[in-house]
Structures are given as structure tokens and as C-alpha cells.
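>>> Mind looking at a prediction? Sequence and model below.
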Amino acid sequence: MAAQEAIRQLQSSMEEVDEPLRCTYENIHQGYPTETLVRFLKARDWNVSKAYEMLVDCLKWRTENEIDNILANPITPVELYRAVRDSQLIGLSGYSKEGLPVIALGIGLSTYDKASINKYVQSHIQMNEYRDRVLLPQATKKHGRYIGTCIKVLDMTGLRLSAMNQLKLLSNISSIDDLNYPEKTETYYIVNPPLIFSACWKVVKPLLQERTRRKIRVLHGSPRDELLKIMADSCQHGVPPQ
């Protein structure tokens, strides 16, 4: 009952926002406003006023940065786009048994050194938007029920201490996800962690929100059997061009 009342109050507040914010709000919820309200309420421990502030700030960020149109504005020239994509390994690996997209990221072998931080941030936002506007709606339609989250597999193969040079980029991306894409990842699986992972983790961990840290599972040794338990099928699809 308390949850339903919180949803009702937040929904009532959202009916009062200005037209530009209402339009981008519709682009966010994709026809599932209640589920979207729940995401922001969870992110603020069901505090309605804080969830409302967070959601409105997100909508303002989207409007000011033209996020609704970001998929129509690829990184240019094409050579720069390819360099950005080749230096950050990411792609759709398949779907979980519950129908959630499983996105794999080769963190250890990604260099993030072929463009400015802004270009990598732009690329990250575009992939978030593709997930939310294409992958998740497709999964929802296929399974006949709402699917609003994904699973991420972070492969640390090849990780070096030099990766700490990318802390500013990782901090920016983490902040964007925490504030504007809350509760979009069900679980983070960290696989193939090398010996230096513990040292890197001590530095990265404080950058993450507590609710994000609770979703992280580190799989030591061979992760194959553990991952097969969650996977329904696999594919070779990458994230399409931005």
C-alpha cells in the first residue's frame, strides 16, 4: 500500500511538469510510466520528493543535451566513430532465461584512448539509448511482458594498472548512469579478474552508488558454468552504428 501511494503521488506530481519535460518523459517511459516511476523511487529509497527531484533533473538534462535526438547524431567523421568503437569493446551477447539482454563489456582490453572523454561519453549515452529504445522494447514484445533491465558481464581479461588513467571517464559514465538511467541493470558479473583487480577495485568502488555495489558479483576462476545458468541463448550481434 505504501508503494502504491508513493507511485500515485509521484505520478500526480509528474502531471504538473512543463510540456518540453513531459515530451521527453514519454520518450523515457516508452508506454510504461508506472515502471519508470518505480525505477526512480527505488533509486531514492521510495522518498517521493527526492524521486521527483531526481526525475525532473533527468528530464532537464535530456532536454538541455538533446538526448532524445542523440541516436540521429553519430560521432563524426566515420574514422573517429570507428576508432571510438574499436577501443571500447562492447556488444550484445544474448539473452537471459528471463529474457533480459546480456551485454558484454571487455573492460580489460578497452583502451579509451582514441578520442576525447566527451566522445566516449557520447558513445556510452547512445548505447544506453539504443538499449532502452530498441533492445528492451524488442524483448518486451517477444516475451509479452515488460522487460526494463539488462545484465552486464564485465570481462577484466588484460586489465592493467594503467586503466586507472581512465578514472575520470569512468567517473563521468558512472555519474550519468546513476542519475539518469537508474535501475536499468539487474546484475553486474565481473569475470576473469586478474591479480591487480583488487587494487583497481579499491579505487573504483567508492565511485559507485551503494545500490550499484549491491548488484555486483565477482566470478573467480572459470565463469562459464555460472554464466550458462543465466543465459538462454547467445548471439554475435554488436550494438548497431550510432
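Thanks, I have it. Numbers count the residues shown, from 1 in each chain.

>>> going forward, measure contacts between C-alpha atoms and count neighbours the same way
OK.

>>> could you list every residue that touches the residue nearest to Met156 when sequence neighbours are not counted?
Using CA to CA, 6 or more residues apart in numbering and skipping the chain neighbours, the partner closest in space to Met156 is Gly108 (4.3 Å). Residues near Gly108 by CA atoms under 8 Å, 6 or more residues apart in numbering: 155-160, 163.

>>> for the chain, what are the low-confidence residue spans?
For the chain, the stretches with pLDDT under 70 are 233-242.

>>> Please repeat the previous calculation with a cut-off of 80.
1, 162-164, 221, 224-225, 229, 232-242 (pLDDT under 80).

>>> and the longest helix for it?
Secondary structure of the chain per DSSP state H: the longest helix is helix 48-64.

>>> gap between it and the chain center?
How far helix 48-64 lies from its chain's middle: 17 Å, per CA atoms, centre = their mean, to the nearest Å.

>>> buried residues in that helix?
48, 50-52, 54-56, 58-63 (16 or more other CA atoms under 10 Å).

>>> what does stretch 191-210 give?
191-193, 197, 200, 207.

>>> Make JSON lines from the residues you listed and add distance to Asp86 to it.
Shown next, in JSON lines, are these (distance: CA to CA, whole Å):
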{"residue": "Val191", "distance to Asp86": "21"}
{"residue": "Asn192", "distance to Asp86": "21"}
{"residue": "Pro193", "distance to Asp86": "22"}
{"residue": "Phe197", "distance to Asp86": "23"}
{"residue": "Cys200", "distance to Asp86": "23"}
{"residue": "Leu207", "distance to Asp86": "26"}
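
>>> Neighbours of Arg44, how many?
18 (other CA atoms under 10 Å).

>>> Also Arg39?
By other CA under 10 Å, 20 other residues sit near Arg39.

>>> you'd agree it is in a strand?
No: Arg39: not assigned to a strand; according to DSSP: H, G, I helix; E, B strand; the rest coil it is helix.

>>> Tally up the residues packed near the closest residue in space to it that isn't next to it in sequence, please.
Distances taken as CA to CA, 6+ apart place Glu183 nearest to Arg39, at 5.6 Å, with adjacent residues excluded. Using other CA under 10 Å, Glu183 has 22 neighbouring residues.

>>> related to what we said a few turns ago, can you name the two of the buried residues of stretch 191-210 that are farthest apart?
Within the buried residues of stretch 191-210, Asn192 and Leu207 form the most distant pair, 21.5 Å apart (CA to CA).

>>> For Lys97, see how far away Ala115 is.
37 Å (CA to CA, to the nearest Å).

>>> whoops, I mixed them up, Cys58
In terms of CA to CA, Cys58 sits 31 Å off from Lys97.

>>> With Met1 instead?
With distances taken as CA to CA, Met1 is found 31 Å from Lys97.

>>> quick one, which of the two is more surrounded?
Ranked by neighbour count (other CA under 10 Å), Met1 and Lys97 place Lys97 first, with 13 against 6.

>>> is Ile190 in a bridge, and if so with what?
For Ile190, the beta-bridge partners under DSSP bridges are Leu154, Val218.

>>> what's the neighbour count on it?
Residues near Ile190, counting by other CA under 10 Å: 19.

>>> and it, what does it touch?
153-156, 216-219.

>>> Swap in 6 Å and give it another go.
Contact analysis of Ile190 by CA atoms under 6 Å, 6 or more residues apart in numbering lists 154, 218-219.

>>> Quick one: which of those is the most crowded by neighbours?
Counting neighbours by other CA under 10 Å, Leu154 leads the contacts of Ile190 with 21 neighbours.

>>> So that one is in contact with Leu109, correct?
No: applying CA atoms under 6 Å, one finds Leu154 not in contact with Leu109, separated by 10.8 Å.

>>> What's the first helix or strand after the host helix or strand of Ile7?
Counting by DSSP states H and E, the element that carries Ile7 is helix 2-14. Using DSSP H and E, the next helix or strand after helix 2-14 towards the C-terminus is helix 19-29.
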